[in-house]
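Participant: sequence first, then the predicted structure, then my questions.
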Amino acid sequence: MDVNAAVAAAAAIAGLLTGVFAVLAFRWSEREQRRPTRSSLHTDAVLPPGVDTVLSVLRSSAVVLDEADAVVKASSAAYALGLVRGGKLTVDAMLQMARDTRRDGEIRQVELDLPRRGAGRGEALAVSARVAPLGSRLVLLLVEDLTEARRIEAVRRDFVANVSHELKTPVGALSLLSEAVMDASDDPEAVSRFAGRMQIEATRLSSLVQELIDLSRVQYDHPLQDPEPVRVDELVAEAIDRSRQPATAKNITMASGGTAGLYIWGHRGQLAAALGNLVENAVNYSPARTRVGISARRVPAQGGSMIEIAVTDQGIGISERDRERVFERFYRVDPARSRATGGTGLGLAIVKHVAASHGGEVTVWSSEGQGSTFTLRLPEAGATRDRSPTGTTAGSPTGPDLAADLDDVDDRPTPTDPNTEIPAPEVLP
(Lines give C-alpha, C1' and ligand atoms only; values in the text may rest on other atoms or scores of the structure.)
Protein backbone atom coordinates (compact mmCIF):
# COMPACT_ATOMS: atom_id res chain seq x y z
CA MET A 1 0.00 0.00 0.00
CA ASP A 2 2.89 2.29 0.70
CA VAL A 3 4.20 1.50 -2.77
CA ASN A 4 0.93 2.52 -4.41
CA ALA A 5 0.88 5.75 -2.44
CA ALA A 6 4.41 6.56 -3.51
CA VAL A 7 3.58 5.93 -7.19
CA ALA A 8 0.51 8.12 -6.94
CA ALA A 9 2.49 10.89 -5.28
CA ALA A 10 5.20 10.70 -7.97
CA ALA A 11 2.58 10.82 -10.71
CA ALA A 12 0.94 13.82 -9.09
CA ILE A 13 4.27 15.66 -8.82
CA ALA A 14 5.10 14.83 -12.47
CA GLY A 15 1.73 16.11 -13.62
CA LEU A 16 2.18 19.28 -11.59
CA LEU A 17 5.62 19.91 -13.10
CA THR A 18 4.32 19.29 -16.59
CA GLY A 19 1.56 21.79 -16.04
CA VAL A 20 4.01 24.38 -14.68
CA PHE A 21 6.31 23.92 -17.67
CA ALA A 22 3.39 24.19 -20.07
CA VAL A 23 2.24 27.46 -18.50
CA LEU A 24 5.78 28.88 -18.56
CA ALA A 25 6.27 27.87 -22.19
CA PHE A 26 2.99 29.48 -23.22
CA ARG A 27 3.83 32.75 -21.47
CA TRP A 28 7.34 32.77 -22.95
CA SER A 29 5.87 32.26 -26.43
CA GLU A 30 3.48 35.18 -25.96
CA ARG A 31 6.31 37.37 -24.71
CA GLU A 32 8.45 36.51 -27.75
CA GLN A 33 5.61 37.29 -30.11
CA ARG A 34 5.13 40.71 -28.52
CA ARG A 35 8.88 41.49 -28.45
CA PRO A 36 10.09 43.53 -31.54
CA THR A 37 12.66 41.54 -33.47
CA ARG A 38 15.57 42.94 -35.53
CA SER A 39 13.76 42.16 -38.76
CA SER A 40 10.60 43.88 -37.57
CA LEU A 41 12.57 47.03 -36.83
CA HIS A 42 13.48 47.26 -40.54
CA THR A 43 9.95 47.33 -41.89
CA ASP A 44 7.76 50.14 -43.07
CA ALA A 45 6.00 50.22 -39.67
CA VAL A 46 8.85 52.21 -38.09
CA LEU A 47 8.57 54.99 -40.69
CA PRO A 48 6.46 58.03 -39.79
CA PRO A 49 3.01 58.01 -41.40
CA GLY A 50 3.05 59.10 -45.06
CA VAL A 51 6.83 58.97 -45.46
CA ASP A 52 6.77 55.72 -47.40
CA THR A 53 4.30 57.20 -49.90
CA VAL A 54 6.37 60.36 -50.34
CA LEU A 55 9.58 58.41 -50.90
CA SER A 56 7.93 56.23 -53.54
CA VAL A 57 7.13 59.24 -55.76
CA LEU A 58 10.47 61.05 -55.43
CA ARG A 59 12.71 61.10 -58.50
CA SER A 60 15.78 61.16 -56.29
CA SER A 61 17.29 58.00 -54.83
CA ALA A 62 16.09 57.71 -51.22
CA VAL A 63 17.62 55.79 -48.31
CA VAL A 64 16.39 55.74 -44.68
CA LEU A 65 18.87 54.68 -41.98
CA ASP A 66 18.19 53.76 -38.35
CA GLU A 67 20.34 54.47 -35.29
CA ALA A 68 22.53 51.45 -36.08
CA ASP A 69 23.23 52.68 -39.68
CA ALA A 70 21.12 49.83 -41.03
CA VAL A 71 18.94 50.50 -44.09
CA VAL A 72 15.27 50.70 -43.11
CA LYS A 73 13.98 51.79 -46.52
CA ALA A 74 15.66 52.21 -49.90
CA SER A 75 14.23 53.05 -53.32
CA SER A 76 14.96 50.99 -56.40
CA ALA A 77 17.02 53.87 -57.80
CA ALA A 78 19.33 53.65 -54.78
CA TYR A 79 19.98 49.99 -55.53
CA ALA A 80 20.49 50.78 -59.22
CA LEU A 81 23.15 53.38 -58.40
CA GLY A 82 24.89 50.91 -56.10
CA LEU A 83 24.31 52.98 -52.96
CA VAL A 84 22.82 50.06 -50.99
CA ARG A 85 24.09 46.49 -50.83
CA GLY A 86 23.22 43.82 -48.29
CA GLY A 87 21.14 46.19 -46.20
CA LYS A 88 24.06 48.62 -45.77
CA LEU A 89 24.97 52.01 -47.23
CA THR A 90 28.09 51.46 -49.36
CA VAL A 91 29.35 55.05 -49.68
CA ASP A 92 31.51 55.95 -46.67
CA ALA A 93 31.20 59.71 -47.20
CA MET A 94 27.39 59.50 -47.13
CA LEU A 95 27.48 57.22 -44.11
CA GLN A 96 29.61 59.71 -42.21
CA MET A 97 27.23 62.52 -43.16
CA ALA A 98 24.32 60.47 -41.80
CA ARG A 99 26.12 59.92 -38.49
CA ASP A 100 26.95 63.63 -38.14
CA THR A 101 23.35 64.58 -38.89
CA ARG A 102 22.04 62.04 -36.38
CA ARG A 103 24.35 63.53 -33.75
CA ASP A 104 23.59 67.26 -34.17
CA GLY A 105 20.37 67.27 -36.27
CA GLU A 106 21.79 69.56 -38.98
CA ILE A 107 20.96 69.14 -42.66
CA ARG A 108 24.01 68.48 -44.82
CA GLN A 109 24.57 68.47 -48.59
CA VAL A 110 27.60 67.56 -50.69
CA GLU A 111 28.44 66.70 -54.31
CA LEU A 112 30.44 63.53 -54.89
CA ASP A 113 31.98 61.62 -57.79
CA LEU A 114 31.31 57.92 -57.37
CA PRO A 115 32.84 55.07 -59.39
CA ARG A 116 30.34 53.68 -61.85
CA ARG A 117 29.50 50.01 -61.34
CA GLY A 118 30.93 47.81 -64.07
CA ALA A 119 32.56 50.71 -65.91
CA GLY A 120 36.16 51.29 -66.77
CA ARG A 121 38.54 53.42 -64.79
CA GLY A 122 38.13 57.15 -65.10
CA GLU A 123 34.36 57.04 -65.56
CA ALA A 124 32.55 58.54 -62.59
CA LEU A 125 28.98 59.09 -61.49
CA ALA A 126 28.34 62.67 -60.36
CA VAL A 127 25.75 62.87 -57.57
CA SER A 128 24.42 65.39 -55.08
CA ALA A 129 23.70 63.91 -51.62
CA ARG A 130 21.48 65.58 -49.01
CA VAL A 131 21.03 64.20 -45.47
CA ALA A 132 18.30 65.29 -43.01
CA PRO A 133 16.92 63.90 -39.73
CA LEU A 134 13.65 61.96 -39.97
CA GLY A 135 11.97 61.77 -36.60
CA SER A 136 14.01 61.07 -33.47
CA ARG A 137 15.91 57.95 -34.58
CA LEU A 138 15.95 57.87 -38.38
CA VAL A 139 18.00 59.71 -40.99
CA LEU A 140 16.88 60.39 -44.58
CA LEU A 141 19.40 60.43 -47.45
CA LEU A 142 18.38 61.82 -50.86
CA VAL A 143 20.79 61.37 -53.79
CA GLU A 144 20.36 63.15 -57.13
CA ASP A 145 22.19 61.95 -60.26
CA LEU A 146 23.96 64.94 -61.85
CA THR A 147 25.90 63.06 -64.51
CA GLU A 148 23.73 64.04 -67.47
CA ALA A 149 23.40 67.65 -66.28
CA ARG A 150 27.19 67.93 -66.00
CA ARG A 151 27.64 66.45 -69.47
CA ILE A 152 25.21 68.96 -70.97
CA GLU A 153 26.92 71.79 -69.13
CA ALA A 154 30.31 70.65 -70.43
CA VAL A 155 28.96 70.54 -73.99
CA ARG A 156 27.49 74.02 -73.59
CA ARG A 157 30.73 75.34 -72.10
CA ASP A 158 32.81 73.87 -74.91
CA PHE A 159 30.40 75.26 -77.48
CA VAL A 160 30.65 78.77 -76.06
CA ALA A 161 34.45 78.51 -75.93
CA ASN A 162 34.60 77.31 -79.54
CA VAL A 163 32.24 80.03 -80.73
CA SER A 164 34.30 82.68 -78.93
CA HIS A 165 37.47 81.37 -80.52
CA GLU A 166 35.97 81.20 -84.00
CA LEU A 167 34.53 84.71 -83.75
CA LYS A 168 37.75 86.11 -82.35
CA THR A 169 39.78 85.10 -85.41
CA PRO A 170 37.95 87.11 -88.12
CA VAL A 171 37.18 89.98 -85.75
CA GLY A 172 40.87 90.27 -84.82
CA ALA A 173 41.84 90.10 -88.48
CA LEU A 174 39.39 92.87 -89.36
CA SER A 175 40.79 95.03 -86.57
CA LEU A 176 44.37 94.60 -87.77
CA LEU A 177 43.44 95.17 -91.41
CA SER A 178 41.55 98.34 -90.58
CA GLU A 179 44.63 99.71 -88.81
CA ALA A 180 46.73 98.75 -91.83
CA VAL A 181 44.34 100.61 -94.13
CA MET A 182 44.60 103.73 -91.97
CA ASP A 183 48.40 103.58 -91.97
CA ALA A 184 48.50 103.07 -95.74
CA SER A 185 46.00 105.79 -96.60
CA ASP A 186 48.48 107.38 -99.04
CA ASP A 187 49.12 104.08 -100.86
CA PRO A 188 46.12 103.18 -103.05
CA GLU A 189 47.54 99.78 -103.99
CA ALA A 190 48.01 98.76 -100.34
CA VAL A 191 44.56 100.05 -99.45
CA SER A 192 43.03 97.96 -102.22
CA ARG A 193 44.92 94.85 -101.09
CA PHE A 194 43.94 95.29 -97.44
CA ALA A 195 40.34 96.03 -98.41
CA GLY A 196 40.20 92.74 -100.30
CA ARG A 197 41.43 90.87 -97.24
CA MET A 198 38.86 92.68 -95.10
CA GLN A 199 36.13 91.54 -97.46
CA ILE A 200 37.30 87.91 -97.15
CA GLU A 201 37.31 88.07 -93.34
CA ALA A 202 33.92 89.80 -93.29
CA THR A 203 32.50 87.05 -95.50
CA ARG A 204 33.93 84.40 -93.19
CA LEU A 205 32.42 86.14 -90.16
CA SER A 206 29.05 86.43 -91.87
CA SER A 207 29.11 82.73 -92.80
CA LEU A 208 29.96 81.73 -89.25
CA VAL A 209 27.15 83.81 -87.77
CA GLN A 210 24.66 82.45 -90.31
CA GLU A 211 25.65 78.83 -89.62
CA LEU A 212 25.33 79.43 -85.89
CA ILE A 213 21.81 80.70 -86.51
CA ASP A 214 21.05 77.70 -88.72
CA LEU A 215 22.37 75.27 -86.10
CA SER A 216 20.28 76.94 -83.41
CA ARG A 217 17.16 76.66 -85.54
CA VAL A 218 17.81 73.03 -86.36
CA GLN A 219 18.30 72.16 -82.70
CA TYR A 220 15.20 73.93 -81.39
CA ASP A 221 12.72 73.97 -84.30
CA HIS A 222 10.69 70.80 -84.64
CA PRO A 223 10.65 69.80 -88.33
CA LEU A 224 7.29 68.03 -88.10
CA GLN A 225 5.29 70.95 -86.72
CA ASP A 226 4.59 72.18 -90.26
CA PRO A 227 5.79 69.36 -92.53
CA GLU A 228 5.29 68.93 -96.23
CA PRO A 229 6.22 66.39 -98.90
CA VAL A 230 9.54 67.56 -100.34
CA ARG A 231 10.59 66.41 -103.80
CA VAL A 232 14.13 65.01 -103.73
CA ASP A 233 14.86 66.11 -107.32
CA GLU A 234 14.23 69.73 -106.32
CA LEU A 235 16.55 69.42 -103.32
CA VAL A 236 19.30 68.01 -105.54
CA ALA A 237 18.86 70.74 -108.14
CA GLU A 238 18.95 73.44 -105.47
CA ALA A 239 22.10 71.98 -103.87
CA ILE A 240 23.87 71.81 -107.24
CA ASP A 241 22.87 75.36 -108.11
CA ARG A 242 24.19 76.57 -104.74
CA SER A 243 27.67 75.18 -105.46
CA ARG A 244 27.82 75.82 -109.22
CA GLN A 245 30.02 78.92 -108.99
CA PRO A 246 32.84 77.41 -106.88
CA ALA A 247 32.62 74.22 -108.94
CA THR A 248 33.01 76.22 -112.15
CA ALA A 249 36.03 78.02 -110.75
CA LYS A 250 37.73 74.67 -110.04
CA ASN A 251 36.53 72.92 -113.24
CA ILE A 252 34.62 70.36 -111.18
CA THR A 253 31.86 68.44 -112.95
CA MET A 254 28.67 67.92 -110.95
CA ALA A 255 26.39 65.07 -111.97
CA SER A 256 23.07 63.81 -110.66
CA GLY A 257 21.35 60.47 -111.05
CA GLY A 258 19.40 57.69 -109.38
CA THR A 259 15.66 57.21 -109.01
CA ALA A 260 13.45 60.14 -109.95
CA GLY A 261 10.19 61.26 -108.36
CA LEU A 262 11.08 60.49 -104.74
CA TYR A 263 9.58 62.44 -101.84
CA ILE A 264 10.63 63.07 -98.24
CA TRP A 265 8.23 64.25 -95.55
CA GLY A 266 9.66 67.09 -93.48
CA HIS A 267 10.90 70.68 -93.35
CA ARG A 268 11.98 71.82 -96.80
CA GLY A 269 14.34 74.55 -95.59
CA GLN A 270 16.23 72.23 -93.25
CA LEU A 271 16.49 69.45 -95.81
CA ALA A 272 17.77 71.86 -98.46
CA ALA A 273 20.38 73.23 -96.04
CA ALA A 274 21.57 69.74 -95.11
CA LEU A 275 22.00 68.50 -98.69
CA GLY A 276 23.48 71.85 -99.72
CA ASN A 277 26.14 71.53 -97.02
CA LEU A 278 27.10 68.05 -98.22
CA VAL A 279 27.47 69.18 -101.84
CA GLU A 280 29.34 72.33 -100.84
CA ASN A 281 31.80 70.30 -98.76
CA ALA A 282 32.32 67.89 -101.64
CA VAL A 283 33.22 70.77 -103.96
CA ASN A 284 35.44 72.56 -101.45
CA TYR A 285 37.47 69.45 -100.59
CA SER A 286 37.84 68.16 -104.16
CA PRO A 287 40.83 69.01 -106.36
CA ALA A 288 40.35 70.74 -109.71
CA ARG A 289 39.08 68.81 -112.73
CA THR A 290 37.39 66.10 -110.69
CA ARG A 291 33.79 64.99 -110.32
CA VAL A 292 31.07 65.34 -107.66
CA GLY A 293 27.99 63.15 -107.91
CA ILE A 294 24.59 63.18 -106.22
CA SER A 295 22.37 60.11 -106.41
CA ALA A 296 19.00 59.29 -104.80
CA ARG A 297 17.32 55.91 -104.40
CA ARG A 298 14.67 54.12 -102.38
CA VAL A 299 15.70 51.25 -100.11
CA PRO A 300 13.46 48.91 -98.10
CA ALA A 301 13.53 49.26 -94.32
CA GLN A 302 11.57 48.08 -91.31
CA GLY A 303 8.45 50.20 -90.90
CA GLY A 304 8.58 51.71 -94.40
CA SER A 305 10.91 52.66 -97.22
CA MET A 306 13.85 55.00 -96.76
CA ILE A 307 15.31 57.49 -99.21
CA GLU A 308 19.08 57.56 -99.51
CA ILE A 309 20.78 60.61 -101.02
CA ALA A 310 24.48 60.02 -101.55
CA VAL A 311 27.05 62.72 -102.33
CA THR A 312 30.34 61.37 -103.68
CA ASP A 313 33.55 63.26 -104.39
CA GLN A 314 37.06 62.41 -105.57
CA GLY A 315 38.76 64.51 -102.93
CA ILE A 316 41.43 63.97 -100.29
CA GLY A 317 39.34 61.48 -98.27
CA ILE A 318 39.04 61.16 -94.50
CA SER A 319 41.22 59.06 -92.23
CA GLU A 320 39.64 56.42 -90.02
CA ARG A 321 40.56 58.41 -86.91
CA ASP A 322 38.78 61.55 -88.15
CA ARG A 323 35.79 59.68 -89.57
CA GLU A 324 34.18 59.31 -86.14
CA ARG A 325 34.44 63.03 -85.37
CA VAL A 326 33.59 64.79 -88.62
CA PHE A 327 30.02 65.46 -87.42
CA GLU A 328 31.16 67.25 -84.25
CA ARG A 329 30.67 71.00 -84.08
CA PHE A 330 33.76 73.02 -85.12
CA TYR A 331 35.75 69.88 -85.87
CA ARG A 332 37.87 70.12 -89.01
CA VAL A 333 39.81 67.31 -90.64
CA ASP A 334 42.27 69.84 -92.05
CA PRO A 335 41.99 73.19 -90.21
CA ALA A 336 44.35 74.98 -92.58
CA ARG A 337 42.40 73.85 -95.65
CA SER A 338 39.09 74.70 -93.97
CA ARG A 339 40.18 78.26 -93.32
CA ALA A 340 41.38 78.55 -96.91
CA THR A 341 37.95 77.46 -98.18
CA GLY A 342 36.02 79.47 -95.61
CA GLY A 343 34.80 76.46 -93.67
CA THR A 344 33.43 76.95 -90.15
CA GLY A 345 33.24 73.33 -88.98
CA LEU A 346 29.46 73.54 -88.47
CA GLY A 347 28.17 72.24 -91.81
CA LEU A 348 28.23 68.53 -91.01
CA ALA A 349 26.90 69.16 -87.49
CA ILE A 350 23.87 70.82 -89.08
CA VAL A 351 23.44 67.83 -91.42
CA LYS A 352 23.54 65.44 -88.46
CA HIS A 353 20.88 67.37 -86.52
CA VAL A 354 18.61 67.65 -89.55
CA ALA A 355 18.83 63.93 -90.22
CA ALA A 356 18.16 63.02 -86.59
CA SER A 357 15.20 65.41 -86.26
CA HIS A 358 13.62 63.89 -89.39
CA GLY A 359 13.98 60.35 -88.07
CA GLY A 360 16.99 59.47 -90.22
CA GLU A 361 20.76 59.45 -90.12
CA VAL A 362 23.86 60.50 -92.04
CA THR A 363 26.81 58.19 -92.62
CA VAL A 364 30.19 58.51 -94.30
CA TRP A 365 32.29 56.16 -96.40
CA SER A 366 35.77 57.37 -97.19
CA SER A 367 39.19 56.24 -98.30
CA GLU A 368 42.22 58.50 -98.10
CA GLY A 369 43.26 59.70 -101.51
CA GLN A 370 40.18 58.22 -103.21
CA GLY A 371 37.35 60.43 -102.00
CA SER A 372 34.32 60.24 -99.75
CA THR A 373 30.63 59.40 -99.92
CA PHE A 374 28.20 61.01 -97.47
CA THR A 375 24.80 59.31 -97.39
CA LEU A 376 21.72 61.07 -96.05
CA ARG A 377 19.11 58.44 -95.12
CA LEU A 378 15.58 59.72 -94.46
CA PRO A 379 12.07 58.21 -94.27
CA GLU A 380 10.05 58.37 -97.46
CA ALA A 381 6.81 60.36 -97.51
CA GLY A 382 4.25 57.56 -97.27
CA ALA A 383 1.36 59.63 -98.64
CA THR A 384 3.22 60.29 -101.91
CA ARG A 385 5.00 56.96 -102.28
CA ASP A 386 2.49 55.64 -104.81
CA ARG A 387 3.03 58.63 -107.08
CA SER A 388 6.75 57.96 -107.48
CA PRO A 389 7.96 55.48 -110.10
CA THR A 390 9.27 52.10 -109.19
CA GLY A 391 12.84 51.00 -109.52
CA THR A 392 13.90 50.43 -105.96
CA THR A 393 17.52 49.44 -105.51
CA ALA A 394 18.48 47.89 -102.19
CA GLY A 395 21.66 48.71 -100.38
CA SER A 396 23.46 51.88 -99.47
CA PRO A 397 25.47 53.36 -102.35
CA THR A 398 29.20 53.63 -101.88
CA GLY A 399 31.73 55.45 -103.96
CA PRO A 400 32.08 52.86 -106.77
CA ASP A 401 28.33 52.10 -106.84
CA LEU A 402 27.38 55.74 -107.20
CA ALA A 403 30.00 56.32 -109.87
CA ALA A 404 28.49 53.52 -111.95
CA ASP A 405 25.01 55.03 -111.62
CA LEU A 406 26.22 58.46 -112.63
CA ASP A 407 28.09 57.16 -115.66
CA ASP A 408 24.79 55.86 -117.01
CA VAL A 409 22.84 59.03 -116.28
CA ASP A 410 25.16 61.94 -116.82
CA ASP A 411 28.58 61.35 -118.38
CA ARG A 412 30.19 64.67 -119.20
CA PRO A 413 33.83 65.18 -120.12
CA THR A 414 35.81 67.22 -117.66
CA PRO A 415 36.71 70.58 -119.23
CA THR A 416 40.41 71.27 -119.54
CA ASP A 417 40.19 74.95 -120.37
CA PRO A 418 39.89 77.00 -117.14
CA ASN A 419 37.58 79.41 -118.98
CA THR A 420 35.25 76.66 -120.15
CA GLU A 421 31.85 76.90 -118.49
CA ILE A 422 30.52 73.71 -116.95
CA PRO A 423 27.02 72.98 -118.26
CA ALA A 424 24.26 72.79 -115.72
CA PRO A 425 23.74 69.23 -114.51
CA GLU A 426 20.61 67.51 -115.75
CA VAL A 427 18.22 66.57 -112.98
CA LEU A 428 15.74 63.86 -113.78
CA PRO A 429 12.17 65.19 -113.97
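Facilitator: Cool, the structure landed.
Participant: residues in contact with the helix or strand hosting Leu141?
Facilitator: Assigned by DSSP states H and E, Leu141 belongs to strand 138-145. By C-beta atoms under 8 Å, 6 or more residues apart in numbering, the surrounding residues in contact with strand 138-145 are 46-47, 58, 60-67, 72, 78, 81, 83, 89, 94, 97-98, 101-102, 125-134. (C-beta placed from N, C-alpha, C; glycine too.)
Participant: likewise for stretch 57-67?
Facilitator: So stretch 57-67 is contacted by 41-42, 46-47, 51, 55, 71-75, 77-78, 80-81, 83-84, 89, 98, 102, 134, 137-145 (C-beta under 8 Å, 6+ apart).
Participant: buried ones among these?
Facilitator: Listed as buried from the contacts of stretch 57-67 are 42, 46-47, 51, 55, 71-75, 77-78, 81, 83-84, 89, 98, 102, 134, 138-145; burial here means 16 or more other C-beta atoms under 10 Å.
Participant: please pull out the lowest mean pLDDT helix or strand from the protein.
Facilitator: Least confident helix or strand, the chain: helix 38-41 with a mean of 39, by mean pLDDT, DSSP states H and E.
Participant: output the contacting helices and strands for the lengthiest helix in the chain.
Facilitator: Longest helix in the chain, counting residues (DSSP state H): helix 147-183. With contacts defined as 3 or more C-beta pairs under 8 Å, 6 or more residues apart in numbering; DSSP states H and E, helix 147-183 has these neighbours: strand 124-134, helix 188-220.
Participant: which elements pack onto the longest one?
Facilitator: Spelled out, that is helix 188-220. helix 147-183, helix 268-284, helix 347-357.
Participant: helices along the stretch 1-150 of the chain, start to end?
Facilitator: For the stretch 1-150 of the chain, the helices defined by DSSP state H, counting those that start in this stretch cover 2-34, 38-41, 51-57, 76-80, 92-104, 147-183.
Participant: worst average pLDDT in those?
Facilitator: Mean pLDDT is lowest for helix 38-41 out of these, coming in at a mean of 39.
Participant: straight-line length of stretch 86-99, end to end?
Facilitator: End-to-end distance for stretch 86-99, by C-alpha to C-alpha, to the nearest Å: 19 Å.
Participant: give the buried residues for that stretch.
Facilitator: Per 16+ other C-beta under 10 Å, stretch 86-99 contains these buried residues: 89, 91, 94-95, 97-98.
Participant: stretch 100-115 too?
Facilitator: 101-102, 108, 112, 114.
Participant: equivalent analysis for stretch 286-293, please.
Facilitator: Those would be 286, 290-293, for stretch 286-293 by 16+ other C-beta under 10 Å.
Participant: okay, those in JSON lines with pLDDT next?
Facilitator: Converted to JSON lines, the buried residues of stretch 286-293 look like this (pLDDT from 0 to 100):
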{"residue": "Ser286", "pLDDT": "89"}
{"residue": "Thr290", "pLDDT": "93"}
{"residue": "Arg291", "pLDDT": "93"}
{"residue": "Val292", "pLDDT": "94"}
{"residue": "Gly293", "pLDDT": "94"}
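Participant: I appreciate the help and will end here.
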